[in-house]
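[1] Sharing a model that was predicted from the sequence below.
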Amino acid sequence: MISRLRSRASTVLVVAAWIGFGVPLFLWAVGQGTPLSIAFAAASALTWIAGGRAVALWLRSSPPALVPPPATGRGAERIALLVCICDDLDERAVVRSSRQDVPVDVVLLDDSRDAATVARVDALAATHGWHVIRRTERSGFKAGNLNAGLARLRGRYDAYLICDSDVVLDAGVARVCGAALADPTVAVAQASPAASVGRTRFARYFGPLLATHLGVTRRGRGAHGVTAFLGRGALVRAAAVEDVGGFPEAVAEDLAMTVRLRRRGWRIVDADVAFTEDYPIDYAAFRVQMRKTAEGAVEFLRRPGRMRGLRIREGLDLALETALVPVTALAGAATLVTGAALAGTGTPPPLWVMLVSAFAASAPLLPEAVRRARAQRVAAGVAFALTAGLLYASTTFVVLGAVIRTALGRRATFWVTPKTTSQRGIGATAGLLRDELVLVPLLAVSAVLVSGSLVAVAGPIGPAALAAVFAVGMLRPRSRADRTLAPIVSARHLAAVPHRTLSAAPRPALATRSRTLAS
């Protein structure tokens, strides 16, 4: 009851605040009497939605209603740990994940093309007596890899524990999630994600945001009655997968699978157990992850009919959560351009509007900033909020470019986040910033033509300058610490999972594009 009241109160509060700021904004725009001011107001109001949603989720996020062990019934007993690999094998992570406190069969679903990686996969499997499944036709992205493996394993297991190569599962994941499947209506028991201790300064500094942000988001959505499958760190009932016809072969297969299961009446629940995964190792890897997220979201939104049959509240939540990345990118770029153009005409937007927009943009980062302020000092929380805000602002154009291309019909790509740092020359760094080099001149010229002033150039140049600053940082040679620092396991994993060192093997540079794509 308390959770339900908190959920409703947070929604009412955020909607009231959005209206309270939006009405005077549009009154100002109407008073200006120009299409430019109206466009600025509309774009700003859209960006505020994302901030408002983040605040609402934070307000309603209480300790999650986790699944208790069932009083009666039997959970999943025959479990296969499926590890998806695509030229990104992390032997140590796979070994740690395999050490569950109940029996599991480990199956490596290998989509690698690199000969050295294939040899490492075979050697790892031979050492531990694991199975390897490969397919000749690499299509359907990660979902296609999963479906090909499931076709070979059909009838042998009660449930599949889905795992990526960089994921480290707590020792109790199979047991706790397996108990949750004692409820015959549950299709997925989802563990909680966190970032592993990073091997670079970039990953160590920004990585803790993963657990805080996803924790707040999942608890907030759970209070509203929505729990999502994250695509890894989850136990999936075999019968449920067969009932829905397998994993949807889309870039955002986790989102599509969530919808497919819910349409058939299957439940997805949170389990009281955790896993860790790698945070993007550097700025180049971070941009790859943001691009993949944007393309997957647009690809999913291009077919809204797939959400038919969901409860209205659940459908709205999924649609809003998916649309936030592409809509915020479009609205944010429009706000920058129109705001700069208004400044160029001598009628800049009110200062309070810019402050509200800045708060809305930083709202998803505030829980982690507050956590750091409490754990360390206030200055650390403020510094994180500013730095992380600049980091996400710097990806405005890579996300915008991905949204535009995918919205115009280009097929979304399953980009594999690189696991090795990028030491780039000037030419390669310019290639990294190709979206900025294409979009910024177009937007800058448009803003100048509309306003008649060169001042308008400042709008689109701002995020591009931030992207250049982050990218240029990769031109410096790696420090000795970054070259030699080995992956560190959290104290929880050190206590629960004994580590055994594997023989060293050279790790090839990873391609950023998935090999599962059909030509």
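    Alright, I've got the coordinates.

[2] Report how many residues lie close to Pro350.
    11 (other C-beta atoms under 10 Å). To be clear about C-beta, it is placed using only N, CA and C from the backbone, and glycine gets the same treatment.

[3] roughly how far apart are it and Ala375?
    Using C-beta to C-beta, to the nearest Å, Pro350 is found at 36 Å from Ala375.

[4] Please enumerate the helices of the stretch 301-450 of the chain.
    Ranges of helices in the stretch 301-450 of the chain, per DSSP state H, counting those that start in this stretch, are 312-344, 351-362, 366-375, 378-393, 396-407, 426-432, 434-451.

[5] Relative to Pro184, which of these is closest?
    Between Pro184 and those, the tightest spacing by C-beta to C-beta is seen for helix 312-344, at 20.6 Å.

[6] and that closest one, what does it pack onto?
    For helix 312-344, the elements it packs on are helix 35-60, helix 253-263, helix 283-301, helix 351-362, helix 396-407, helix 434-451, helix 458-472, judged by 3 or more C-beta pairs under 8 Å, 6 or more residues apart in numbering; DSSP states H and E.

[7] what inclination does that helix have with respect to helix 396-407?
    With axes from the mean of the first three to the mean of the last three C-alpha atoms, to 10 degrees defining the directions, helix 312-344 sits at 120 degrees from helix 396-407.

[8] Now do the buried residues in helix 312-344.
    Going by neighbour count (16 or more other C-beta atoms under 10 Å), the buried part of helix 312-344 is 314-315, 317-319, 321-344.

[9] and if you look at stretch 17-29?
    Buried, per 16+ other C-beta under 10 Å, within stretch 17-29: 17-18, 21-22, 25, 28-29.

[10] again, but for stretch 304-313
    Neighbour-count burial for stretch 304-313 [16+ other C-beta under 10 Å]: 306-307, 310.

[11] how about the nearest residue in space to Ala388 that is not next to it in sequence, what does it touch?
    In space, and not counting its chain neighbours, Ala388 is closest to Leu365: 4.9 Å by C-beta to C-beta, 6 or more residues apart in numbering. Residues near Leu365 by C-beta atoms under 8 Å, 6 or more residues apart in numbering: 209, 213, 384-385, 388-389, 392.

[12] Can you report how many residues lie near the residue nearest to Gly265 when sequence neighbours are not counted?
    Leaving aside its chain neighbours, Gly265 sits nearest to Thr185 (7.4 Å; criterion: C-beta to C-beta, 6+ apart). Using other C-beta under 10 Å, Thr185 has 11 other residues around it.

[13] Which pLDDT does the model give Thr185?
    Thr185 is assigned 93 on the pLDDT scale.

[14] next one: the one 4 residues further on
    Among the per-residue scores, Ala189 shows a pLDDT of 95.

[15] Confirm it sits in a strand?
    Yes: under DSSP: H, G, I helix; E, B strand; the rest coil, Ala189 falls within a strand.

[16] and the helices and strands packed on helix 312-344 as TSV, adding mean neighbour count, mean pLDDT and distance to Ala195?
    As requested, the helices and strands packed on helix 312-344 are exported to TSV (neighbours: other C-beta atoms under 10 Å; pLDDT from 0 to 100; distance: least, C-beta to C-beta, whole Å):
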stretch	mean neighbour count	mean pLDDT	distance to Ala195
helix 35-60	21	92	19
helix 253-263	23	90	18
helix 283-301	23	90	12
helix 351-362	16	93	20
helix 396-407	22	92	21
helix 434-451	18	89	26
helix 458-472	19	89	19
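
[17] Of the ones you listed, give the one that comes closest to Ile79.
    Of all those, helix 253-263 sits nearest to Ile79, with 18.4 Å by C-beta to C-beta.

[18] which other helices and strands contact the closest one?
    Identification of packing neighbours for helix 253-263 by 3+ C-beta pairs under 8 Å, 6+ apart yields helix 141-153, strand 267-277, helix 283-301, helix 312-344.

[19] can you give me the mean pLDDT across the second one?
    Taken as a whole, strand 267-277 carries a mean pLDDT of 91.

[20] got it, and stretch 221-234?
    The model assigns stretch 221-234 a mean pLDDT of 84.

[21] now do stretch 142-157
    The model assigns stretch 142-157 a mean pLDDT of 93.

[22] What segments of the stretch 101-250 of the chain are strands?
    105-110, 131-133, 159-164, 168-169, 186-195, 234-237 (DSSP state E, counting those that start in this stretch).

[23] Make JSON lines out of the helices of the stretch 301-450 of the chain and add distance to Ala151.
    Converted to JSON lines, the helices of the stretch 301-450 of the chain look like this (distance: least, C-beta to C-beta, whole Å):
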{"stretch": "helix 312-344", "distance to Ala151": "28"}
{"stretch": "helix 351-362", "distance to Ala151": "45"}
{"stretch": "helix 366-375", "distance to Ala151": "41"}
{"stretch": "helix 378-393", "distance to Ala151": "40"}
{"stretch": "helix 396-407", "distance to Ala151": "29"}
{"stretch": "helix 426-432", "distance to Ala151": "38"}
{"stretch": "helix 434-451", "distance to Ala151": "38"}
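
[24] now for the buried residues of stretch 17-29, which pair is the farthest apart?
    Ala17 and Ala29 (18.7 Å).

[25] Can you give me the buried ones in stretch 155-164?
    Neighbour-count burial for stretch 155-164 [16+ other C-beta under 10 Å]: 157-164.

[26] correction: stretch 220-232
    Counting neighbours by 16+ other C-beta under 10 Å, stretch 220-232 gives 220-224, 226-232 as buried.

[27] Among these, which ones are in helices?
    220-223 (DSSP state H).

[28] quick one: which of those residues is nearest Lys419?
    Using C-beta to C-beta, these come closest to Lys419 at Arg221, 29.3 Å.

[29] ok, back up a step: ok, which of the helices and strands packed on helix 312-344 comes nearest Ser10?
    That would be, of the helices and strands packed on helix 312-344 and by C-beta to C-beta, helix 35-60, which comes in at 3.8 Å.

[30] List the residues that contact Arg154.
    238, 242.

[31] let's number from 14 now, not from 1
    Noted, 14 is the first residue going forward, which turns the last one into Arg167.

[32] Please tell me how far it sits from Leu94.
    17 Å.

[33] Please, which helix or strand holds the residue lying closest to Thr130 once chain neighbours are set aside?
    Spatial nearest neighbour of Thr130, excluding adjacent residues (C-beta to C-beta, 6+ apart): Asp100 at 5.0 Å. Using DSSP states H and E, Asp100 falls within no helix or strand.

[34] same for the helix or strand hosting Phe39, what does it pack against?
    Using DSSP H and E, Phe39 sits within helix 15-45. The contact analysis (3+ C-beta pairs under 8 Å, 6+ apart) places helix 15-45 against helix 48-73, helix 221-236, helix 364-375.

[35] Isn't Val366 up against Phe39?
    No: between Val366 and Phe39 there is no contact under C-beta atoms under 8 Å: 10.9 Å.

[36] how about Glu262, what does it touch?
    152-154, 156-157, 160.

[37] ugh, wrong one, Phe397
    218, 378, 381-382, 385.

[38] swap the cut-off to 10 Å and go again
    218-219, 221-222, 378-379, 381-386, 389 (C-beta atoms under 10 Å, 6 or more residues apart in numbering).

[39] now Gly35
    Contacts of Gly35 by C-beta under 10 Å, 6+ apart are 54-55, 57-58, 61-62, 369.

[40] okay, it: pLDDT?
    Confidence for Gly35, expressed as pLDDT, is 94.

[41] Also Ala531?
    At Ala531, pLDDT is 29.

[42] try Asp135
    95.

[43] For the closest residue in space to it that isn't next to it in sequence, which residues count as its bridge partners?
    Leaving aside its sequence neighbours, Asp135 sits nearest to Val145 (C-beta to C-beta, 6+ apart; 6.5 Å). Residues in a beta bridge with Val145, per DSSP bridges, are Leu121.
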